[in-house]
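Student: Sharing a sequence plus its predicted fold:
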Amino acid sequence: MTFEETRGAALAAEGRLPSERVALVDLLDRLLAGGVVISGDLVLSIADIDLVRISIRALITSIRESEPYDVLDQP
Amino acid sequence: MAADAGTYLYAVARDAGTTLPADLTGMAGSAVRAITGSGLAAYVSTVPLDEFGEEPLRRSMEDLDWLDRTARAHHHVVEAVARLAPTVPVRLVTVYSGDDQVRALLDERHDDFEQALARVAGRREWGVKVYAGAGEGSSGDAPDEGARAASPGTAYLKRRQASLRSREEALRRAGARAEHVHDVLRSIAAASRRHRAQDPQLSGRAEGMVLNGAYLVDDDRGEEFARALEELRAQGGEIELTGPWAPYSFAVLDDPAGDVRGDGGAA
């Protein structure tokens, strides 16, 4: 996992970050705690996976537990 | 579709009639295609269930390299779609048994997707992280007030107390700074959310993270947001910006059954 924040911030100022520059941990904040969760007619979703190994489980639970978002002024 | 293949869903967007880059690939190099219906487009690719079935995935999820590749492949597709039209990203690893199930999803949840799209259209997500400054959140410099005490033991205890007080004070200051940054930024944002602070082992930073915020900002307030961030930076302390992101942290469907799953923090 590389840490490219300074470069990342510079790129962010220029526009969109190339995906390979995005730090994995920032991406996982969003991909594991965000995104639409669909229940129902699925083969599988990550929400269903009972993770076994401690390292990844710790990583994922540490990322998942974030506060629900707070909408200030809905259109 | 073969029984040993599934349909991996990346994102749902307004069907703007635009076409994806022909060479866009998703999971394991698979071609990305759109399933359209009711004015919506679901972006999917076919994945082998010997990698994306439940049992193999249980094993793969223990592999950080696999998770890295998968997260980046997912992100790559979401970014490409979000460039074309308002988009709600779907949670990582959402797999259907076939395209028909995805078509049914667009039909059944059409209004929910429209609502979610209306929330994020014309807005982008920015990530802002605030770290405790040098000396904040670490042991800090203990004031020397115990040095002239009567005995070495008493002097040690006094220094220790002073050090703890100074550490608590520093953390309190960093926490207050985080609240201030969050309050300023969310007053500009249409919506905000605080992700859990990243563990130092994950962030690669020794200083504690005191804010890991996500802000959904109207495109025409982007400059105002950037200016506010610069002013906050000038007030001191280290602030990092990431983005713009597709609106991952704000993609929520209001479940008709009231059965909101998956977010441990959603209460």
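Tutor: Happy to help now that I have it.
Student: Pass me the low-pLDDT residue ranges in chain A, would you?
Tutor: A:1-21, A:40-75 (pLDDT under 70).
Student: how does it look with 90?
Tutor: A:1-25, A:28-29, A:31-75 (pLDDT under 90).
Student: Next: the stretch 151-267 of chain B.
Tutor: Looking at the stretch 151-267 of chain B by pLDDT under 90, you get B:151-174, B:195-208, B:235-238, B:252-267.
Student: Spatially central residue (nearest the centroid) of chain B, please.
Tutor: B:Ser249 (5.3 Å; CA atoms, centre = their mean).
Student: Which elements pack onto the helix or strand harbouring B:Tyr156?
Tutor: Using DSSP states H and E, B:Tyr156 falls within helix B:152-188. Helices and strands touching helix B:152-188, by 3 or more CB pairs under 8 Å, 6 or more residues apart in numbering or on different chains; DSSP states H and E, are strand B:123-131, strand B:191-194, strand B:209-218, helix B:222-234. Where C-beta positions appear, they are placed from N, C-alpha and C, glycine not excepted.
Student: what angle do the first one and strand B:209-218 make?
Tutor: Same thing as strand B:123-131. 160 degrees (axes from the mean of the first three to the mean of the last three CA atoms, to 10 degrees).
Student: next one: the longest one
Tutor: Inter-element angle recorded for helix B:222-234 and strand B:209-218: 160 degrees (by the same axes, to 10 degrees).
Student: Which other helices and strands does helix B:222-234 contact?
Tutor: Using 3+ CB pairs under 8 Å, 6+ apart, helix B:222-234 is in contact with strand B:123-131, helix B:152-188, strand B:238-245.
Student: Ok, the shortest one next?
Tutor: In terms of contacts (3+ CB pairs under 8 Å, 6+ apart), strand B:191-194 is packed against strand A:70-71, helix B:152-188, strand B:209-218.
Student: Poorly predicted segments of the stretch 1-150 of chain B, please.
Tutor: In the stretch 1-150 of chain B, residues with pLDDT under 90: B:1-4, B:16-22, B:28, B:38, B:49, B:52-68, B:91-93, B:97, B:132-150.
Student: residues in it within reach of chain A, list them.
Tutor: B:6, B:9, B:12, B:49, B:52-54, B:57-58, B:61-64, B:67-68, B:71-72, B:74-76, B:79, B:88-97, B:101, B:104-105, B:109, B:116, B:118-119, B:125, B:127 (CB under 8 Å from any CB of the partner chain).
Student: if I read this right, B:Ala31 contacts B:Thr25, doesn't it?
Tutor: Yes - B:Ala31 lies in contact with B:Thr25 (CB atoms under 8 Å); the separation is 6.3 Å.
Student: does the residue nearest to the centre of chain B sit in a helix, a strand or a coil?
Tutor: When classified by DSSP: H, G, I helix; E, B strand; the rest coil, B:Ser249 comes out as helix.
Student: and if you look at B:Pro89?
Tutor: strand.
Student: Between the two ends of stretch B:99-119, what distance do you get?
Tutor: Counting by CA to CA, to the nearest Å, you get 26 Å between the two ends of stretch B:99-119.
Student: Give me the buried positions along it.
Tutor: B:101-103, B:105-106, B:109, B:112-113, B:116-117, B:119 (16 or more other CB atoms under 10 Å in any protein chain shown).
Student: Ok, stretch B:157-170 next?
Tutor: B:158-159, B:162-163, B:166-167, B:170.
Student: How about stretch B:44-53?
Tutor: In stretch B:44-53, counting by 16+ other CB under 10 Å, buried: B:44-47, B:49, B:52-53.
Student: re the thing from before, how many degrees apart are the helix holding B:Tyr156 and strand B:123-131 in direction?
Tutor: Using the same axes, to 10 degrees: helix B:152-188 against strand B:123-131 is 170 degrees.
Student: follow-up on the earlier one: of all the helices and strands packed on strand B:191-194, which lies closest to B:Thr242?
Tutor: strand B:209-218 (9.4 Å; CB to CB).
Student: related to what we said a few turns ago, how far off centre is the helix holding B:Tyr156?
Tutor: 27 Å (CA atoms, centre = their mean, to the nearest Å).
Student: tell me the angle that helix makes with strand B:238-245.
Tutor: Going by the same axes, to 10 degrees, helix B:152-188 makes 30 degrees with strand B:238-245.
Student: Return the subset of the buried residues of stretch B:99-119 lying in helices.
Tutor: Judged by DSSP state H, helices contain the following of these: B:101-103, B:105-106, B:112-113, B:116-117, B:119.
Student: Sweet, I'm off.
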